[in-house]
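S.K.: Curious how this folds, go ahead:
(2 chains)
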Amino acid sequence: MSTKVAIIASNGGLFDAYKVFNIATASAATDAEVGIFFTFEGLNLIHKQAHQQLPLPEGKEHFAEGFKNANVPAIPELVSMAQELGVKIIACQMTMDVMNLTKEDFIDGIEVGGAVTFLDFAKDANINLSF
Amino acid sequence: MTIKVDKVLDAKGLACPMPIVKTKRAMDELTSGQVVEVQSTDKGSLADMQGWTKNTGHQYLGTITEGDVLKHYIRKANPNELKEEMTYLHTVSNEELLQMVESSAEITIVDVREPAEYSFNHIPHAVSIPFGELENRMNKLNTEQHIHVICHTGHRSDMACQMLADKGFKNVTNVIEGMSVWTGPTDNN
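M.R.: The predicted model follows:
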């Protein structure tokens, strides 16, 4: 049976983005079916402008150099890789309404849905993660 | 040791998850049975490659470390390899072959796996003739000899036995379990 990975991304920093997209791309490259539900600040991770310059946590700005030295791919690169590998990206409609955002504010190729959209995907997942 | 591969993937300098993502892409371009060498400087890639092959069904052959570079060898699996029936009738189990090896009986073992698989572990004195080259190289073997043919799981060796029998080899036996579960002595080079 193939593996199914369901991820909730609810935080919007650079560290959060790496946790989410590294696991997502690695899983998809290992033939897993992957879906990510982006909600609250997690929406930053797929926002057209915001996802290109996500903040490091306060006091951890010096890690910027570490990311560069370790040759870690940039977040936009990881996002498009995830999409190429078939990772399903779902943006939370309710949070979008609260923040006054529309589908056009986000990267291409996403779905918009409510909590049940994610539940429907996650109900038979073998791995459920929340970041 | 030099290992023959069908493709070399340079993933040096790349951080997780890139070596895995690139390996997946490289694998998509190979055909079943071919071997890829993945070069990586990511130390975590050793455990990752093993986990990746376990989950995708491909065959992890081994890793060689050269300085900072890890060279991982992976063979692309054939989805039919485990399902197809074996049809050649003269067979022995690994245990029976092991008894013959240990009693120093004069037997010839032909290993029909890819050279990279052979390099990482093989039965001492086994002759390496990859299945794809068997037709051209079988004239090196004696048709009167008792030949034991082995591969990873008994599938390729089954086909090899039929080919040899068809070409007039009188005494050919398939080792049905194969190197994947071989517990006897091995060499590598």
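S.K.: shaky segments in the chain?
M.R.: No chain in the question, so chain A it is. For chain A, the stretches flagged by pLDDT under 70 are A:1.
S.K.: To clarify, I was referring to chain B.
M.R.: Short version for chain B, where the test is pLDDT under 70: B:1, B:79-84.
S.K.: can you pull out the helices in it?
M.R.: Using DSSP state H, the helices of chain B run over B:18-29, B:45-56, B:94-102, B:115-120, B:134-137, B:155-166.
S.K.: Save the ones you listed as TSV, and put in distance to B:Thr65 too.
M.R.: Where you see a C-beta, it was placed from the backbone N, CA and C, and this is true even at glycine. TSV is the format used below for those (distance: least, C-beta to C-beta, whole Å):
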stretch	distance to B:Thr65
helix B:18-29	15
helix B:45-56	9
helix B:94-102	30
helix B:115-120	14
helix B:134-137	32
helix B:155-166	29
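S.K.: right, so of the ones you listed, which gets closest to chain A?
M.R.: helix B:18-29 (4.0 Å; C-beta to the nearest C-beta).
S.K.: residues in chain B within reach of chain A, list them.
M.R.: B:13-18, B:20-21, B:23-24, B:48, B:51-52, B:55-56 (C-beta under 8 Å from any C-beta of the partner chain).
S.K.: Of the residues you listed - the most surrounded one?
M.R.: B:Pro17 (30 neighbours; other C-beta atoms under 10 Å in any protein chain shown).
S.K.: OK, contacts around that residue?
M.R.: Residues in contact with B:Pro17 (C-beta atoms under 8 Å, 6 or more residues apart in numbering or on different chains) are A:22, A:25-26, A:29, B:48.
S.K.: which ones among the residues you listed are found in strands?
M.R.: Among the contacts of B:Pro17, DSSP state E puts none in strands.
S.K.: Among those residues, which one has the most neighbours?
M.R.: A:Thr25 (27 neighbours).
S.K.: wait, doesn't that residue sit right on B:Lys22?
M.R.: No. A:Thr25 is beyond contact range of B:Lys22, at 11.0 Å (criterion: C-beta atoms under 8 Å).
S.K.: follow-up on the earlier one: select, from the contacts of B:Pro17, the two members most distant in space.
M.R.: Farthest pair in those (C-beta to C-beta) is A:Thr25 and B:Asp48. Separation: 12.3 Å.
S.K.: where do the helices sit along chain A?
M.R.: So, for chain A - with DSSP H - the helices run A:14-29, A:63-69, A:75-84, A:93-98, A:115-122.
S.K.: Who are the contact partners of the residue lying closest to B:Thr65 once chain neighbours are set aside?
M.R.: Leaving out its chain neighbours, the residue that sits closest to B:Thr65 by C-beta to C-beta, 6 or more residues apart in numbering or on different chains is B:Lys71, at 7.6 Å. Taking C-beta under 8 Å, 6+ apart, we find B:Lys71 in contact with B:37-39, B:63-65.
S.K.: Can you tell me which of those is nearest chain A?
M.R.: B:Val38 (12.6 Å).
S.K.: And the closest one, how far from A:Glu84?
M.R.: Separation of B:Val38 from A:Glu84 (C-beta to C-beta, to the nearest Å) stands at 19 Å.
S.K.: okay, those two: which has more neighbours?
M.R.: B:Val38 (25 against 13).
S.K.: beta partners of that one?
M.R.: Beta-bridge pairing for B:Val38 (DSSP bridges): B:Leu9, B:His72.
S.K.: B:Gly168 touches B:Thr143, doesn't it?
M.R.: Yes. B:Gly168 lies in contact with B:Thr143 (C-beta under 8 Å); the separation is 5.3 Å.
S.K.: of those two, who's got more company?
M.R.: B:Thr143 (14 against 9).
S.K.: Hmm, B:Phe169 and the more buried one touching each other?
M.R.: Yes. Using C-beta under 8 Å, B:Thr143 makes contact with B:Phe169 at a distance of 5.0 Å.
S.K.: Show the contacting residues for B:Val149.
M.R.: Here B:Val149 is in contact with B:109-110, B:112, B:157, B:160-161, B:164, B:172-175 (criterion: C-beta under 8 Å, 6+ apart).
S.K.: so how far is B:Gly57 from the closest residue to A:Met94 other than its chain neighbours?
M.R.: Spatial nearest neighbour of A:Met94, excluding adjacent residues (C-beta to C-beta, 6+ apart): A:Gly114 at 6.5 Å. A:Gly114 is 36 Å from B:Gly57, where distance means C-beta to C-beta.
S.K.: just B:Cys16 next, same as before
M.R.: On the measure of C-beta to C-beta, B:Cys16 and B:Gly57 end up 21 Å apart.
S.K.: A:Val72 too?
M.R.: 29 Å.
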